[in-house]
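dropping a prediction and its sequence here:
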Amino acid sequence: MKVFWPFLAIGVLAIIEFLAARMWARVYYLIGLPLFRMRLPNVRLGSDAEQRLATTADHRVSRIAFERLSESAIAFRERGNASVSFRYLPVFHGLVRYAPEEGATYVIGWANYWFLAACALMGSIFFSASKYHRPWDLTVFFVLIFGTMIAIAVWRYRMVAKALRATSGAPSPQSLPAQ
């Protein structure tokens with residue numbers, strides 16, 4: 001029964017996180033551990049940025065939902081309806097934040113809390129085992145699966161940044177004249 005509790009805690013945390021994401025809880029999208037951060041210089045958020053971004057991003061990445069939190073912040077997450085042939089659990093939730101003092105916009109991918117709890121559980125399982133009976137096969141399996149999920153999330157968040165750059169109308173650094 002002792003082994004059951006950590007898995008139950010991760011499941012409850014995942015349900016709470018699912019509800020917070022669906023309710024667009026402001027604090028959920030503003031606080032976390034950033035595993036992805038991309039700076040987009042000379043990109044501003046217009047008043048209709050989330051609609052334009054949703055339209056452009058739907059063509060380039062999986063279905064992503066956007067919600068304006070403030071004048072300088074747009075939260076986003078992956079929608080729950082994925083294709084029948086391929087499903088994965090998102091490990092990030094995102095924020096597009098405009099920093100007017102820097103003249104740049106940031107695309108930030110926060111780690112989901114259930115993912116952090118699963119990593120802590122895996123670390124606990126690995127390091128609590130005796131030195132000669134460490135679960136290397138389980139650890140490799142865990143790293144491969146979650147590494148793949150992180151790679152998918154990074155690719156999708158880079159596509160969100162690319163869509164944001166395309167909808168902003170700002171010239172790309174390659175098209176700026178030399179000074």
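Received it, and whenever you're ready, just let me know what you need.

next one: residue 53, what pLDDT does it get?
At residue 53, the pLDDT value in this model is 80.

just want the most central residue of the chain.
residue 92 (2.5 Å; CA atoms, centre = their mean).

show me what the closest residue to that residue other than its chain neighbours is bridged to.
Spatially, and ignoring its direct neighbours in sequence, residue 92 is nearest to residue 109 (3.9 Å; CB to CB, 6 or more residues apart in numbering). Every C-beta, even on glycine, is put in place using the N, C-alpha and C of the backbone. Taking DSSP bridges as the rule, residue 109 bridges to residue 36, residue 94.

right, and residue 109 touches residue 33 too?
No - the pair residue 109 / residue 33 is not scored as a contact, 9.8 Å apart, by CB atoms under 8 Å.

more crowded one of the two?
residue 109 (26 against 11; other CB atoms under 10 Å).

which stretches in the chain count as strands?
Using DSSP state E, the strands of the chain run over 34-41, 64-70, 73-78, 92-99, 104-111.

adding distance to residue 48 and mean pLDDT, write the ones you listed out as CSV.
Converted to CSV, the strands of the chain look like this (distance: least, CB to CB, whole Å; pLDDT from 0 to 100):
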stretch, distance to residue 48, mean pLDDT
strand 34-41, 18, 93
strand 64-70, 10, 89
strand 73-78, 11, 90
strand 92-99, 14, 93
strand 104-111, 15, 94
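
can you list the ones you listed in CSV and add distance to residue 135?
Output for the strands of the chain, formatted as CSV (distance: least, CB to CB, whole Å):
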stretch, distance to residue 135
strand 34-41, 24
strand 64-70, 35
strand 73-78, 30
strand 92-99, 26
strand 104-111, 23
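
residue 165 is nearest to which of the ones you listed?
Checking the strands of the chain against residue 165 by CB to CB gives strand 34-41 as the closest, at 5.8 Å.

next, the angle from the closest one to strand 104-111.
170 degrees (axes from the mean of the first three to the mean of the last three CA atoms, to 10 degrees).
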